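Provide a 3D model corresponding to the input given below.
(one chain, ligands or ions: 1)
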Amino acid sequence: MKAIEIAPQSYWIGKIDDRKVPFHRLTLEKGTTYNSYLLKTEKPTIIDTVDILFGKEFVDNLKEIIDPSEIQYIIINHVEPDHAGALPALAAQAPNAQIVTTALGAELLKDMFKLHHREYLIIKEGDTLDIGGKTLKFFETPYLHTEETMVTYCIEDKILYPCDQFSTHIATKELFNDLAKEEYEEDYKVYYQLIMHPHRSYVRDMLKKIKDLPVKMIAPSHGYILRENAQKYIQLYDEYSNIDGNAKDKKVVIAYSTMTGNTTKIVQRIVKGLEEMEINPLVFNLKNAQLEDVKSAIQDCDGLLVGSSTKYADMVGNVEELLTHLADEEGQEKLAAAFGSYGWSGEGIVHVEEHLEKLGFTTINQNYLIKTTGMEKPIFPLRIQFSREEEMERAQEAGRIFGELLAK
Ligand SMILES: Cc1cc2nc3c(=O)[nH]c(=O)nc-3n(C[C@H](O)[C@H](O)[C@H](O)COP(=O)(O)O)c2cc1C
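Okay, here's the model as predicted:
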């Protein structure tokens with residue numbers, strides 16, 4: 001494909017992939033595109049590249065419009081190899097270019113592509129970069145759809161370069177949405193649901209960040225460049241990610257035991273996280289609760305969180321009694337997770353999780369989170385050492401994530 005002008009001095013330099021593309025355990029029946037952009041300003045800049053399969057072709061095509069050694073910046077909004085895959089081939093031909101990305105993005109690129117020796121320009125929220133004739137502004141948009149992700153906005157052109165966000169998997173040759181020969185809104189929605197929806201609270205954070213930008217065109221990294229009605233596509237993400245009425249009707253039970261109150265502090269932060277999702281859980285400190293009451297609340301709930309600290313490698317209080325009491329119940333695949341404070345080994349939390357699994361609950365743990373959201377940091381089971389404040393942030397995040405998973 002030849003370069004296509006999208007704005008003065010700005011070009012699409014991507015690749016149309018019209019195969020049935022294997023991707024995220026799916027087959028993209030309509031193929032896709034990998035959209036890369038060249039901003040041919042005084043300090044020539046490339047925004048994202050193409051899939052790793054097409055690295056050589058990408059660089060060969062690029063050479064027809066610019067000498068790669070002139071490139072000053074290569075912006076990597078997201079490190080997945082369908083966008084950053086041509087970076088090694090490009091970087092080898094562009095020795096003067098700095099790689100512009102988030103701090104986490106730089107760490108991942110170094111290890112993934114052995115680019116330790118390159119110069120990086122690390123982006124923080126709201127930073128701007130003068131590329132000689134245009135100014136770029138950056139926003140960190142974590143988990144859309146991986147942790148390191150950011151978006152780039154060109155102030156003069158009013159173009160948003162959001163990489164995977166606002167994308168569509170279609171191997172379009174028309175490229176611009178106003179030239180589309182087929183209806184594509186359903187494909188746009190399906191893409192959102194598969195890739196972005198598991199992270200919809202982050203979608204809402206991103207929407208707040210770009211709310212006041214006068215975006216005239218969205219130039220994503222898959223499918224159509226949205227130059228007609230760009231705001232409509234932002235509005236659609238607002239509608240799709242709206243959590244109202246989704247999570248707030250869910251019933252959550254938290255049941256726990258504590259020796260010295262550390263697990264109570266965790267509960268308070270989990271509750272705050274759930275409240276962010278408009279969920280008000282029923283909380284039982286098992287020391288003061290009738291097990292029959294807790295049991296009937298659990299029978300009636302959509303999600304269950306069971307907490308215990310650890311005493312001599314075991315659960316504390318009457319957590320075990322409760323879990324045994326539930327043995328004649330079936331978890332009915334309801335979502336559940338274990339949490340607790342601990343000192344050095346935290347076996348109590350492991351025992352709680354094993355009980356929940358045996359009872360037939362769908363237990364949220366790291367494997368579950370990786371499969372459903374791609375999130376690899378260990379949120380559940382939630383293990384907090386003593387009640388260290390610096391760790392408590394995780395408890396609130398865990399509450400929010402639990403709510404999001406319930407609302408799915
Ligand atoms: C008698 C006793 C035994 C403990 N045994 C363990 C243990 O085996 N493993 C561990 O990780 N922490 C152990 N701890 C540490 C507690 O789990 C830790 O202090 C925790 O923060 C207590 O939380 P809580 O106040 O919610 O009960 C023990 C604490 C006490 C007092």
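
so what strands line up beside the strand ranked longest in the chain?
The longest strand of the chain (DSSP state E) is strand 335-342. Applying DSSP bridges, strand 335-342 is found paired with strand 303-308 (parallel), strand 362-363 (parallel), strand 382-385 (parallel).

can that strand be found next to the ligand?
Yes. Judged by Cβ under 6 Å from any ligand atom, strand 335-342 and the ligand are in contact via 341-342. To be clear about C-beta, it is placed using only N, CA and C from the backbone, and glycine gets the same treatment.

Same question for stretch 395-408.
No. Using Cβ under 6 Å from any ligand atom, stretch 395-408 stays clear of the ligand, with a minimum separation of 12.2 Å.

List the buried residues in that stretch.
Neighbour counts over stretch 395-408 (16 or more other Cβ atoms under 10 Å) mark 395-407 as buried.

Could you do stretch 251-270 as well?
Buried-residue list, stretch 251-270, by 16+ other Cβ under 10 Å: 251-258, 262-267, 269-270.

before we move on, the earlier item: could you identify which of the strands paired with strand 335-342 is most buried?
Greatest average neighbour count among the strands paired with strand 335-342 goes to strand 303-308 (a mean of 30), per mean count of other Cβ atoms under 10 Å.

In a helix, I266, correct?
Yes. Counting by DSSP: H, G, I helix; E, B strand; the rest coil, I266 is part of a helix.

from memory it sits against R394, does it?
No. Counting by Cβ atoms under 8 Å, I266 does not reach R394; the two are 9.2 Å apart.

can you list the strands paired with strand 335-342 in TSV and add distance to the ligand and mean pLDDT?
What follows is the strands paired with strand 335-342, written out as TSV (distance: least, Cβ to the nearest ligand atom, whole Å; pLDDT from 0 to 100):
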stretch	distance to the ligand	mean pLDDT
strand 303-308	8	98
strand 362-363	21	95
strand 382-385	7	97
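
Now the stretch 101-250 of the chain against the ligand: closest residue?
Per Cβ to the nearest ligand atom, K250 is where the stretch 101-250 of the chain lies closest to the ligand, at 26.0 Å.

hmm, back to that, show me the common contact partners of I266 and R394, please.
Overlap of the contact sets of I266 and R394 (by Cβ atoms under 8 Å, 6 or more residues apart in numbering) consists of 382, 384.

The buried residues of stretch 251-270 in strands, which ones?
Using DSSP E, the buried residues of stretch 251-270 in strands are 252-257.

With distance to A289 and pLDDT as extra columns, can I get those residues in CSV?
Below are these laid out as CSV (distance: Cβ to Cβ, whole Å; pLDDT from 0 to 100):
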residue, distance to A289, pLDDT
V252, 16, 97
V253, 11, 98
I254, 11, 98
A255, 7, 98
Y256, 10, 98
S257, 10, 98
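
First-to-last residue distance for stretch 5-21?
27 Å (Cα to Cα, to the nearest Å).

Report the buried residues of that stretch.
Across stretch 5-21, burial judged by 16+ other Cβ under 10 Å covers 6-7, 9-17, 21.

Show me the two of those that sit farthest apart.
Based on Cβ to Cβ, the longest span within the buried residues of stretch 5-21 runs between Q9 and V21 and measures 30.9 Å.

Can you name the next helix or strand after the longest strand of the chain?
For strand 335-342, the following helix or strand on the C-terminal side (DSSP states H and E) is helix 347-358.

List the buried residues in that next one.
347-353, 355-356.

cool, and stretch 156-164?
For stretch 156-164, by 16+ other Cβ under 10 Å, it's 157, 159-164.

what's the closest of the residues you listed to I218?
Closest to I218 out of these is L160 (4.9 Å), distances taken as Cβ to Cβ.

For the nearest residue to D178 once chain neighbours are set aside, pull up the helix or strand it's in.
The shortest distance from D178 to any residue other than its chain neighbours is 3.8 Å, reached at E228 (Cβ to Cβ, 6 or more residues apart in numbering). Per DSSP H and E: E228 is located in neither a helix nor a strand.

Also the one 4 residues further on?
When secondary structure is defined by DSSP H and E, K232 falls within helix 230-240.

Show me where the chain has its helices.
Here the chain has its helices, by DSSP state H, at 55-63, 87-93, 103-113, 185-191, 200-210, 230-240, 262-276, 291-299, 319-325, 347-358, 366-373, 389-407.

Show me what the third one is packed up against.
Judged by 3 or more Cβ pairs under 8 Å, 6 or more residues apart in numbering; DSSP states H and E, the packing partners of helix 103-113 are helix 87-93, strand 98-102, strand 120-123.

any chance of those in JSON lines, with distance to the ligand and mean pLDDT too?
Listed next are the helices and strands packed on helix 103-113 as JSON lines, based on distance: least, Cβ to the nearest ligand atom, whole Å; pLDDT from 0 to 100:
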{"stretch": "helix 87-93", "distance to the ligand": "43", "mean pLDDT": "97"}
{"stretch": "strand 98-102", "distance to the ligand": "34", "mean pLDDT": "98"}
{"stretch": "strand 120-123", "distance to the ligand": "36", "mean pLDDT": "98"}
